[in-house]
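[1] sharing a model that was predicted from the sequence below.
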Amino acid sequence: MGDEAWLGGPIPLDCVGSIGFHYHMYGVSMGVLELRHRAHEGAVWTTLWHAHGSAGDGWHHAIVRPPAPLRRTPGALLRFVGVVGR
């Protein structure tokens with residue numbers, strides 16, 4: 001396993017229809033980039049989207065639509081997770 005870092009927090013998913021972002025993954029040590037969600041405190045983190053390995057020397061765009069029940073769940077959380085060298 002490689003080193004892991006995450007960025008996220010409480011996001012009011014009841015007002016989010018989709019999440020759009022750009023990402024850049026280039027090089028032999030690229031691991032995994034994931035967007036995860038958790039319905040409530042204590043629930044298991046579930047992967048909504050992922051990319052792995054080198055994707056070339058350029059920026060890519062992704063749009064992820066969380067499932068409708070999640071968008072209406074108070075206290076739901078989103079988290080980007082990056083793992084290097086996996």
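    Now that the structure is in, tell me what you want to look at. Numbering: from 1, shown residues only.

[2] residue contacts, Gly85?
    Gly2, Asp3, Ser29, Gly31 (CB atoms under 8 Å, 6 or more residues apart in numbering). The way it works is simple: take the backbone N, C-alpha and C, and place the C-beta from them, glycine included.

[3] hang on, isn't the first one packed against Val83?
    Yes: counting by CB atoms under 8 Å, Gly2 touches Val83, with 5.1 Å between them.

[4] which one's more surrounded, the two?
    More crowded of Gly2 and Val83, by other CB atoms under 10 Å: Val83, with 17 against 12.

[5] please report how far the more buried one lies from Gly9.
    Distance, Val83 to Gly9, by CB to CB, to the nearest Å: 19 Å.

[6] now do Asp3
    Distance of Asp3 to Gly9, computed by CB to CB: 21 Å.

[7] and what of Ala39?
    Using CB to CB, Ala39 is found at 15 Å from Gly9.

[8] for burial, what's the neighbour tally of Ala76?
    21.

[9] OK, contacts around the residue nearest to Gly9 when sequence neighbours are not counted?
    Using CB to CB, 6 or more residues apart in numbering and skipping the chain neighbours, the partner closest in space to Gly9 is Leu77 (6.7 Å). Neighbour list for Leu77: Gly8, Gly9, Pro10, Ile11, His37, Arg38 [criterion: CB under 8 Å, 6+ apart].

[10] show me what Leu77 is bridged to.
    Beta bridges link Leu77 to Pro10, Arg38, judged by DSSP bridges.

[11] run a quick neighbour tally on Leu35.
    Neighbours around Leu35, by other CB under 10 Å: 20.

[12] what's the answer for the one 10 residues further on, then?
    The criterion is other CB under 10 Å. On that basis, Trp45 has 16 neighbouring residues.

[13] with that, I have no additional questions.
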